[in-house]
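Engineer: Have a look at this prediction, sequence included:
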Amino acid sequence: MNNIRNTFAATALLAFASWAHALQITSLSPQGEVAQVRQVVAKFDEGAVNFGDPKAPAPLVVSCSDAQAGKGSGRWISDREWAFEFEKDLPPGVSCSLQVRAGFQSPKGAALAANSYKFNTGGPFVQQVRPGTYQRIDEEQFFVLQLNGPATLASLQANVWCNVEGLGEKVPVRLLDGKERQELLKALRLDKAAEKEPLRYASLACNRKLPAAAKVQLVFGKGVVTPTGVANSIEKSFNYEVREPFSASFSCERENAQAACLPVRPMTLTFNAPVVRKLAAQVRLKGASESILPTLDKAEGDDEDAVNSVTFKQLFAERAQFTLELPAGFQDASGRPLRNAESFPL
């Protein structure tokens, strides 16, 4: 009986000692739901390999629901840190698991404690939006959302919307297709990429004309799904401001605010939005016996180039009276009429 007890105690002590000296993973990332994944990193509580050994085995086996997307290679960064690098960022809707490789041991003979880990990339999210939020937008602005993977058109239509200052309701989006979409993507040099992965590039517009100078949010809501049905769970907003109404302002150098323009200095008409060169060239500064043509702010270019100002640079007679006249139907390059047209002739 004593021999049996002694044998059992020795076995139990050996098992406890083996567990106590087992190699442990102290951290592994990512885990859970992570939107953007390119690398898996595992860290150990002590040296797991002889660092620099080209034959050092991988401690974990990586397998993903999308075998093609899950391709990659592992490497030891140090004797305590191992990384698995995917060939590309994982697309949305992919789940991966990591299992301890059977029989893995440290150089000291400590076996790696058995464990398993999981993570998934969740649903689609926006990697880049165009135009950028630092730019003022058009009243009928087109947007392109570059996603981390494909998203269904139906879920985009249902879960992306615009919030417009002054309106108490969501404004749905209109998905662009056909010629509108092709021309937009080509202008942004995204047409070739979109041909390969069309569902990664969402092209859309708020489904109403936006008020000038209004604040606008483009909202990528929860519920946008991949073709396999995996939905995103994080709402993301992009903040914009609509450009001001089209206007023109006259300026010249004066000795003081109440004085007349200095005759030896130029006079300038400035626009807050581009104007087609051919139209801007028709602005005239008219005196009692002459009509002066402007100098445009761009020295060269065809008639369809846009300019932001016109200048009258010649020497003017002292105390001469001039009238600044605009051509009929004066508008900016987007076709917007001049807000302060009643100020002209000036």
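Structural biologist: Arrived safely, thanks for sending.

Engineer: What residues sit buried inside stretch 235-251?
Structural biologist: Applying a neighbour-count criterion of 16 or more other Cβ atoms under 10 Å, one finds 238, 240, 242-243, 245-248 buried in stretch 235-251. Just so you know, the C-beta spots here come from the backbone N, C-alpha and C atoms, and that holds for glycine as well.

Engineer: Mind checking which of those residues land in strands?
Structural biologist: 238, 240, 248 (DSSP state E).

Engineer: Show me what the helix or strand encompassing K179 is in contact with.
Structural biologist: Taking DSSP states H and E as the definition, K179 sits inside helix 178-187. Helix 178-187 is contacted by residues 142, 144, 176, 191, 194, 201, 203 when judged by Cβ atoms under 8 Å, 6 or more residues apart in numbering.

Engineer: same thing but 6 Å
Structural biologist: Here helix 178-187 makes contact (Cβ atoms under 6 Å, 6 or more residues apart in numbering) with 142, 191, 194, 203.

Engineer: Where helices are concerned, which of those residues count?
Structural biologist: Judged by DSSP state H, these include 191, 194 as members of helices.

Engineer: Switch the contacts of helix 178-187 over to TSV; also include neighbour count.
Structural biologist: Shown next, in TSV, are the contacts of helix 178-187 (neighbours: other Cβ atoms under 10 Å):
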residue	neighbour count
F142	20
D191	15
A194	21
S203	23
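
Engineer: Pick out whichever of the contacts of helix 178-187 sits closest to A259.
Structural biologist: Nearest to A259 among the contacts of helix 178-187, counting by Cβ to Cβ, is F142 at 46.8 Å.

Engineer: all strands of the stretch 151-300 of the chain, in order?
Structural biologist: All strands of the stretch 151-300 of the chain, identified by DSSP state E, counting those that start in this stretch, fall at 160-164, 171-175, 201-206, 215-220, 236-241, 248-252, 267-276, 284-286, 291-292, 295-296.

Engineer: if we compare the ones you listed, which one ends up closest to A333?
Structural biologist: Closest approach to A333 among those is made by strand 267-276 (4.5 Å; Cβ to Cβ).

Engineer: Strand partners (parallel or antiparallel) of that closest one?
Structural biologist: Paired with strand 267-276 in the same sheet, following DSSP bridges, are strand 248-252 (antiparallel), strand 306-312 (antiparallel).
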